[in-house]
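Peer 1: Here is my input; please provide its structure:
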Amino acid sequence: MSGRRVAEVLATDAGATAASLSGRSPVSARLIAGALAFVPMAAATAYRVAHNAPGSLPGPLTELAAPLLPFAVVGPALAGLLLASVVDRPVQRVGLAFAGGFGLVALAPGAWYPATAGVVCGGASAVGSLAVGARRDDRSARSGHPMLARYAAVAGVLVAAVLASLAATAGVAPATLRPLGSSAALLGVGLAPFVIGTDGSSLAVGVVAGGLSFAVVTSLPYVAGAVLLVGGGVVDAPVALVVLAAAGGTAALAATLRRGRYDRACGAGLLLAAGVPATPPQALSVLIALVLLAPGGEAA
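Peer 2: Prediction:
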């Protein structure tokens, strides 16, 4: 059975599951997918930060959480399969099914390379199709609104971050590509408000978050560096980009919550939780976040 056929079968199975869920629950499949991806990745990031912070976590919590940490990828993988069932275009459907299916493959020992290839090829093709193909369906594009062009630009930055970061993890010029991937990821998160659109209140929340980040990074540089490395995988990135990512990501999250777009809020939160996409789970999370943030998605 070909890889494309496998992806189509996965998407069909996910479609049946989504139809069942839609018939039983008023919650949209996009919101379910967003929650599936966001909750485990946010929990995994919070655990890594807390585990490496001064002091120690309770022993029972560590014993429970540490073995479960590798399974955080299951959430974004299932989210990809579920989203594959609700998108319209075959390229998006097959791409998301590939990304979700190979995200699950990442759990297998020694499957890093095939899992990475499947996640990147599938996820990037789905995001590319959204950036290019959705223009025909979006009313704002027909009226000359630049939102889709902004989405394409931000998606390009984040996909470049995925490629650079994973290449560095694979051992390709890590001294160059790891900082490049970190900087691109932070820049992409910081530009998220340009995709979503914000208001004064959301921007104010973002400015506060950026100011607090700047204060922490400058007053406690070693602690902040350790938190960024362990929690987000950030390596040798300028302070300005760290502040921009904190401000932009928080403003985007606030804007989506204020509008009641909880599916897109999960996407914005997932960008913050994923950090630098240097592993298949983080890369898949960034790509799923881009799908959730795409203009024209259904309301939650």
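
Peer 1: so residue 36 is in which element?
Peer 2: Following DSSP states H and E, one finds residue 36 within helix 29-52.

Peer 1: how about that helix: buried residues?
Peer 2: Neighbour-count burial for helix 29-52 flags 29-45, 47-48, 50-51 (criterion: 16 or more other C-beta atoms under 10 Å). Bear in mind the C-beta positions are built from the backbone N, C-alpha and C, glycine included.

Peer 1: Counting by contacts, list what that helix packs against.
Peer 2: helix 3-24, helix 59-68, helix 74-84, helix 221-227, helix 262-274, helix 280-293 (3 or more C-beta pairs under 8 Å, 6 or more residues apart in numbering; DSSP states H and E).

Peer 1: so which of those gets nearest residue 132?
Peer 2: Closest approach to residue 132 among the helices and strands packed on helix 29-52 (C-beta to C-beta): helix 280-293, 13.2 Å.

Peer 1: Quick one: work out the angle between the closest one and helix 29-52.
Peer 2: Helix 280-293 runs at 140 degrees relative to helix 29-52, counting by axes from the mean of the first three to the mean of the last three C-alpha atoms, to 10 degrees.

Peer 1: Any buried residues in helix 280-293, and which?
Peer 2: Under 16+ other C-beta under 10 Å, the buried positions of helix 280-293 are 280-293.

Peer 1: quick one: which of the residues you listed is nearest residue 167?
Peer 2: For the buried residues of helix 280-293, the minimum distance to residue 167 (C-beta to C-beta) is 11.1 Å, reached by residue 283.

Peer 1: got a list of what residue 113 touches?
Peer 2: Residues in contact with residue 113 (C-beta atoms under 8 Å, 6 or more residues apart in numbering) are residue 170.

Peer 1: The helix holding residue 36: how far from the chain's middle?
Peer 2: Between the centre of helix 29-52 and the centre of its chain there are 10 Å (C-alpha atoms, centre = their mean, to the nearest Å).

Peer 1: could I get it in CSV with only the CA atoms?
Peer 2: This file holds the C-alpha atoms of helix 29-52, laid out as CSV (Å, rounded to 0.1, in the frame of the first residue of the first chain):
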residue,chain,number,x,y,z
ALA,A,29,-13.9,19.4,15.3
ARG,A,30,-11.4,22.2,15.0
LEU,A,31,-11.7,23.1,18.6
ILE,A,32,-11.4,19.5,19.6
ALA,A,33,-8.3,19.2,17.5
GLY,A,34,-6.9,22.3,19.0
ALA,A,35,-7.4,21.1,22.5
LEU,A,36,-6.0,17.7,21.7
ALA,A,37,-2.8,19.4,20.5
PHE,A,38,-2.5,22.2,23.0
VAL,A,39,-3.1,20.5,26.3
PRO,A,40,-0.4,17.8,26.2
MET,A,41,2.2,20.1,24.7
ALA,A,42,1.5,22.8,27.2
ALA,A,43,1.7,20.3,30.0
ALA,A,44,4.9,18.8,28.7
THR,A,45,6.5,22.3,28.5
ALA,A,46,5.3,23.3,31.9
TYR,A,47,6.7,20.0,33.4
ARG,A,48,10.1,20.5,31.8
VAL,A,49,10.4,24.0,33.1
ALA,A,50,9.2,23.1,36.6
HIS,A,51,11.4,20.0,36.7
ASN,A,52,14.5,22.1,35.9
